[in-house]
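**Q** Make a model of this:
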Amino acid sequence: MSSVIAKPAMRGLLAKLLRFHLAVAFTLSIACAGAFKVAVGDSRKKAYADVYKKYDAIKSFEAMRDAGIFEMSKCE
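**A** Okay, here's the model as predicted:
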């Protein structure tokens, strides 16, 4: 009793595997982009919003002026 091993399907194998791997790669990239947006992007937006709620531009300008940042350079 000898059993015959079936031939492997070689025709179209590359196209079939590429289609599968491209679908998986596309799905994973979309998932990673969404996770990054939620984890990093939204927290940064919230942090910037919190900073600029309390930010006073006039007070900041006066502090920089008093520190001497806005000195004019002499052109001779």
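**Q** Show the residue spans covered by the helices in this protein.
**A** Along the chain, counting by DSSP state H, helices occupy 13-36, 42-54, 57-67.
**Q** Give me the distance from the last one to the chain's centre.
**A** Think helix 57-67. Remark: helix 57-67 is offset 34 Å from the chain centroid, using C-alpha atoms, centre = their mean, to the nearest Å.
**Q** Can you tell me which of the helices of the chain has the worst average pLDDT?
**A** Among the helices of the chain, helix 57-67 carries the lowest mean pLDDT, at a mean of 89.
**Q** what's it in contact with?
**A** With contacts defined as C-beta atoms under 8 Å, 6 or more residues apart in numbering, helix 57-67 is touched by F70. Using the backbone N, CA and C atoms, a C-beta is placed for each residue, glycine as well.
**Q** pull the CA atoms of that helix into CSV?
**A** What follows is helix 57-67, C-alpha atoms only, in CSV (Å, rounded to 0.1, in the frame of the first residue of the first chain):
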residue,chain,number,x,y,z
ALA,A,57,1.0,86.4,26.6
ILE,A,58,1.4,89.9,28.1
LYS,A,59,2.9,88.5,31.4
SER,A,60,5.2,86.2,29.4
PHE,A,61,6.4,89.1,27.2
GLU,A,62,7.1,91.3,30.3
ALA,A,63,9.1,88.5,31.9
MET,A,64,11.2,88.0,28.8
ARG,A,65,11.7,91.8,28.5
ASP,A,66,12.8,92.0,32.1
ALA,A,67,15.2,89.1,31.5
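**Q** Okay then, goodbye and thanks.
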